[in-house]
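Engineer: only geometry, no sequence info:
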């Protein structure tokens, strides 16, 4: 049985996927199996994997059911003691996988972990360590307090910007771009929730893992390049819609039942309003200025 199962979901990013796989198969000293799930790409991604990386286990999804659906196709077959969700727009240094596996082996209390992710300019990818988007945490972000006071432990919780990026920390969630999960935790909480099409499924999984009693840890001793040029950039308006739809699903699933009804309506209304504004901005702004999360 392999120690690690690496699962990469790809949609129309053949060149990025090629580079990611090159780095994965160049990894040192790790017993791994590598699954590539092609989510109905039209750019020849599946053929490229079959031709250039025959050692990968290629699954061609019968439909584009979203990120959670595609990952689950491989998760339910993977054999590793540790399961890694990895985005195709990442590039790994040779020792990243063995160092992360070693970390998980040393820390039996950790159910999920992620590395320090950096952008191509060397800056920290803030999404690599996060708090759960509770109503208060989300409000501070929406009204700009998290950006205005990034060092505040109260206002900077969304991306934990008050923490030293080079210090290990227990967090609420790491990001699905590189999310290593212990098999026992997955056996306990189940697979990804396929109600999420794109975005939010990693946060939901992390919350379920944490509620089950496992720790989630950010491990900056491992540094991974995240090029942030993945599938969601292709149709920015669809990605925007799915981002805010995922916010609604997450809120209803984890917070609505404990929230006073009028406040629920206010919060949901704010999400729909912000999502509508983001959609309109991405309709009329020049393409170089568009982004999913405003």
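Structural biologist: Alright, I've got the coordinates. A quick note: this is a predicted structure, and the numbers were derived from the prediction, not measured.
Engineer: which residue of the chain sits farthest from its center?
Structural biologist: Of all residues in the chain, residue 262 sits farthest from the chain's C-alpha centroid, using C-alpha atoms, centre = their mean; the distance is 31.6 Å.
Engineer: confidence score at that one?
Structural biologist: If you check residue 262, the pLDDT there is 84.
Engineer: helices and strands of this protein: which one has the lowest mean pLDDT?
Structural biologist: Within the chain, no helix or strand scores below helix 261-284, which has a mean of 86 by mean pLDDT, DSSP states H and E.
Engineer: Am I right that residue 249 is in contact with residue 195?
Structural biologist: Yes. Applying C-beta atoms under 8 Å, one finds residue 249 in contact with residue 195, separated by 5.5 Å. Backbone N, C-alpha and C define where each C-beta goes, glycine included.
Engineer: Count residues in the vicinity of the residue lying closest to residue 87 once chain neighbours are set aside, would you?
Structural biologist: Residue nearest to residue 87 in three dimensions, not counting chain neighbours: residue 177, with 4.1 Å by C-beta to C-beta, 6 or more residues apart in numbering. Around residue 177 sit 23 other residues, with neighbours defined as other C-beta atoms under 10 Å.
Engineer: Secondary structure element holding residue 179?
Structural biologist: Secondary-structure element containing residue 179, defined by DSSP states H and E: strand 178-182.
Engineer: for that strand, packing partners?
Structural biologist: Applying 3 or more C-beta pairs under 8 Å, 6 or more residues apart in numbering; DSSP states H and E, we find strand 178-182 packed against strand 82-86, helix 96-106, strand 110-118, helix 201-211.
Engineer: Minimum distance to residue 143: which of these has it?
Structural biologist: Among those, the nearest to residue 143 by C-beta to C-beta is helix 201-211 (20.6 Å).
Engineer: Any regions of the chain where pLDDT drops low?
Structural biologist: 1, 229-234, 294 (pLDDT under 70).
Engineer: What values do phi and psi take at residue 25?
Structural biologist: Dihedral pair for residue 25: phi -80, psi -10, per degrees, to the nearest 10.
Engineer: now the helices for this protein?
Structural biologist: Ranges of helices within the chain are 14-25, 45-52, 67-75, 96-106, 135-142, 145-148, 183-189, 201-211, 236-254, 261-284, based on DSSP state H.
Engineer: So which of those is nearest residue 36?
Structural biologist: For residue 36, the closest of the helices of the chain is helix 45-52, at 5.1 Å, according to C-beta to C-beta.
Engineer: Next, the buried residues of that closest one.
Structural biologist: Using 16 or more other C-beta atoms under 10 Å as the test for burial, helix 45-52 gives 45-46, 48-49.
Engineer: Just give me the closest of the residues you listed to residue 271.
Structural biologist: Distance from residue 271 was checked for each of the buried residues of helix 45-52 by C-beta to C-beta. The minimum falls on residue 45, at 33.1 Å.
Engineer: Surely the closest one touches residue 10?
Structural biologist: Yes. Distance between residue 45 and residue 10: 5.3 Å, which falls inside the contact criterion (C-beta under 8 Å).
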